[in-house]
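*Asks:* What shape does this take:
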Amino acid sequence: MGKWKDICLSEIAEVFPSNVDKVISSTELPVLLCNYMDVYYKKFIHRKLSFSNGSVRPSEFKKFQLYFGDVIVTKDSETPNDIGMPAVVVDNMDNLVCGYHLAIIRADQSKYDGVFLMYALQGEKPIRYFSNMCNGLTRYGLTTTVLEKQKIYIPIDVDEQRKIAEIITTVDEAIDNTRTLIEKYITIKTGLMQDLLTNGIDEHGKIRSSKTNKYKDSPLGRIPVEWDIVELLEWSTKQSDSIVDGPFGSNLKLIHYRDSGIPVIQSGFVTTGKFVAKKYVFVDEAKFIEQYRCRVYPLDIIISKIGAQCGRCAVLPLSHPVSIIAGNCIKMTVDKNNNPYLLHELLSYYYQLGYFDLIMSVTAQPAINLTKLKKLKVVFIPKEEQERIYQVILSVNNKIQTERDYLAKLQDIKKGLMKDLLTPPPDGVSVDPLL
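*Replies:* Sure thing, here's the model as predicted:
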């Protein structure tokens, strides 16, 4: 590796914020606008992206037109964490202009590679600098001076810059391709769920069709004759505590919480649609015994009761210890003759369709009405068919999870590469101002 330098952006590039708004005037030049969200969600700005229409005065076009190699950063945001997010222009486009709340960093491409600069600005040091230096209360922003004083490490040899950028870009492309594949599988699952949970699978392993199978009318539309429409409670055990409201929340004083003991399940553990254990609080054995109705066991379904994500649910994993639910949760113990994983998929499907909006009570925030939840009308599928349907869903879920695991691996690889490739070798930093 060759020599590197630790240098301010102002020494290698021109830095200027854009003031081009989205207002279109018939007296101005028609252009395409590269806006805040284009930069925030995309690392590479190219001609295949869809840009909004805009208009500018000739002087604005001359100053804010974007060129190949330009780096664009978000200079204003509602949170400090979204400040300084970079993207780079990788195509020459005749009429693309930088929009408001963004700043252009334009370096001499014969000496400084734009893609490398974009990655360099994603390093821990620049991110920390931007977060610390942004100003504001309800909205945060970076001044031109702050941007210009941002320091980065950069190889003196532009070919070395390009090689490093090429390596990281290769991993980034793999990450983007994996995300696209995950989105594809999720789309497939969405369509598949509609077929499976309205038609099911016959004894031959085929999705039913009204052309070859008998259907009947129901409150939820046409369903196979083998199915029924029941209240949600019919999926669960017949005991009165099969679906119970948790005892905790504002009524449980902090003195009941412990550093160890019986874990308390919170609604935040299930608001992604799967069980994700976060920071537990605990209660002692006495409280656990006292609140016996709210014990939750492996394979119970935990439903978020309050808040924007109420209705999202997950199955408590088999490996999870017996616990107790907080007041922002509802538990449902599924009858042993039914598949809890399939019921979870069914409830998640109904959540996407907006069924839970019908059983919510809205006060300070949305909350599920427990009585209405018990009486929620759902399809009831015979046991054998439950297993056939779930195996198909499980196959797609496994593909999605495999790709998500691979995505996490690629992200770890990128993180390691960013640390290794954007850090100069020992004694490799030049401080010679002539370099």
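
*Asks:* need the helix or strand of this structure with the lowest average pLDDT.
*Replies:* Using mean pLDDT, DSSP states H and E, strand 243-245 stands out as the lowest-scoring helix or strand of the chain, at a mean of 40.

*Asks:* what are the ranges of the helices in the stretch 101-250 of the chain?
*Replies:* 114-120, 124-133, 144-149, 158-196 (DSSP state H, counting those that start in this stretch).

*Asks:* Dump those into JSON lines; add mean neighbour count, mean pLDDT and distance to Val276 as well.
*Replies:* Bear in mind the C-beta positions are built from the backbone N, C-alpha and C, glycine included. Below are those laid out as JSON lines (neighbours: other Cβ atoms under 10 Å; pLDDT from 0 to 100; distance: least, Cβ to Cβ, whole Å):
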{"stretch": "helix 114-120", "mean neighbour count": "25", "mean pLDDT": "96", "distance to Val276": "30"}
{"stretch": "helix 124-133", "mean neighbour count": "16", "mean pLDDT": "85", "distance to Val276": "25"}
{"stretch": "helix 144-149", "mean neighbour count": "16", "mean pLDDT": "93", "distance to Val276": "37"}
{"stretch": "helix 158-196", "mean neighbour count": "16", "mean pLDDT": "96", "distance to Val276": "17"}
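
*Asks:* Export those helices to CSV and append columns for distance to His101.
*Replies:* Output for the helices of the stretch 101-250 of the chain, formatted as CSV (distance: least, Cβ to Cβ, whole Å):
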stretch, distance to His101
helix 114-120, 18
helix 124-133, 14
helix 144-149, 13
helix 158-196, 24
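
*Asks:* quick one, which of those is nearest to Val20?
*Replies:* helix 144-149 (15.7 Å; Cβ to Cβ).

*Asks:* Relative to Val88, how far out is Ser77?
*Replies:* Applying Cβ to Cβ, to the nearest Å, the value for Ser77 to Val88 is 19 Å.

*Asks:* hang on, I meant Arg162
*Replies:* Taken as Cβ to Cβ, the span from Arg162 to Val88 is 12 Å.

*Asks:* Per-residue pLDDT of Ser240, please?
*Replies:* On the pLDDT scale, Ser240 is placed at 31.

*Asks:* same thing with Phe356?
*Replies:* 88.

*Asks:* which ones are touching it?
*Replies:* When contacts are counted by Cβ atoms under 8 Å, 6 or more residues apart in numbering, Phe356 touches 310-311, 350, 368.

*Asks:* ranges for the strands of the stretch 251-400 of the chain?
*Replies:* 262-265, 282-283, 295-296, 301-304, 313-315, 323-325, 329-332, 360-362, 366-368, 377-380 (DSSP state E, counting those that start in this stretch).

*Asks:* can you put those strands in JSON lines and add mean pLDDT?
*Replies:* Shown next, in JSON lines, are those (pLDDT from 0 to 100):
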{"stretch": "strand 262-265", "mean pLDDT": "91"}
{"stretch": "strand 282-283", "mean pLDDT": "89"}
{"stretch": "strand 295-296", "mean pLDDT": "90"}
{"stretch": "strand 301-304", "mean pLDDT": "92"}
{"stretch": "strand 313-315", "mean pLDDT": "95"}
{"stretch": "strand 323-325", "mean pLDDT": "90"}
{"stretch": "strand 329-332", "mean pLDDT": "90"}
{"stretch": "strand 360-362", "mean pLDDT": "80"}
{"stretch": "strand 366-368", "mean pLDDT": "88"}
{"stretch": "strand 377-380", "mean pLDDT": "94"}
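
*Asks:* can you redo those strands as a markdown table with mean neighbour count?
*Replies:* Supplementary listing: the strands of the stretch 251-400 of the chain in a markdown table, determined by neighbours: other Cβ atoms under 10 Å:
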| stretch | mean neighbour count |
| --- | --- |
| strand 262-265 | 23 |
| strand 282-283 | 19 |
| strand 295-296 | 21 |
| strand 301-304 | 25 |
| strand 313-315 | 24 |
| strand 323-325 | 26 |
| strand 329-332 | 26 |
| strand 360-362 | 12 |
| strand 366-368 | 18 |
| strand 377-380 | 18 |
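
*Asks:* Figure out which of the ones you listed is closest to Ser110.
*Replies:* strand 313-315 (54.7 Å).

*Asks:* Name the residues that touch the closest one?
*Replies:* Outside strand 313-315, the residues that reach it (Cβ under 8 Å, 6+ apart) are 269-270, 272-276, 299-304, 340-341, 344, 347-348, 351.

*Asks:* and if you look at stretch 33-41?
*Replies:* Against stretch 33-41 from outside (Cβ under 8 Å, 6+ apart): 20, 22, 45, 49, 51-54, 66, 72-74, 76, 82, 85-87, 96-102.

*Asks:* Just checking the distance from it to the centre of its chain.
*Replies:* 18 Å (Cα atoms, centre = their mean, to the nearest Å).

*Asks:* mind listing what's buried in it?
*Replies:* Residues of stretch 33-41 classed as buried: 33-36, 38-39 (neighbour count, 16 or more other Cβ atoms under 10 Å).

*Asks:* Sort out for me which of those are in strands.
*Replies:* 33-34 (DSSP state E).

*Asks:* Which of the buried residues of stretch 33-41 sits closest to Lys214?
*Replies:* Closest to Lys214, out of all of those and judged by Cβ to Cβ, is Asp38, at 52.3 Å.

*Asks:* before we move on, what SS does Ile413 have?
*Replies:* Three-state call for Ile413 (DSSP: H, G, I helix; E, B strand; the rest coil): helix.

*Asks:* Which residue is the nearest non-sequential neighbour of it?
*Replies:* Val171 (5.8 Å; Cβ to Cβ, 6 or more residues apart in numbering).

*Asks:* need the contact list for the one you found.
*Replies:* So Val171 contacts 410, 413-414, 417 (Cβ under 8 Å, 6+ apart).

*Asks:* what's the answer for Ser10, then?
*Replies:* 148-149.

*Asks:* Could you do the one 10 residues further on as well?
*Replies:* Taking Cβ under 8 Å, 6+ apart, we find Val20 in contact with 33, 54, 56, 60, 64, 97-100.

*Asks:* buried set for stretch 390-404?
*Replies:* Neighbour-count burial for stretch 390-404, with 16+ other Cβ under 10 Å as criterion, is recorded at 390, 392-393, 396-397, 399-400, 403.

*Asks:* ok, the residue positioned nearest the centre of the chain to Glu60 distance?
*Replies:* The residue lying closest to the centre of the chain (Cα atoms, centre = their mean) is Thr272, at 9.3 Å. With distances taken as Cβ to Cβ, Thr272 is found 43 Å from Glu60.

*Asks:* Thr271 now?
*Replies:* 44 Å.

*Asks:* Where does the record place the domain boundaries for the protein?
*Replies:* The chain breaks down by automatic domain parsing into domains covering 4-155, 157-207+383-423+430-435, 228-380.
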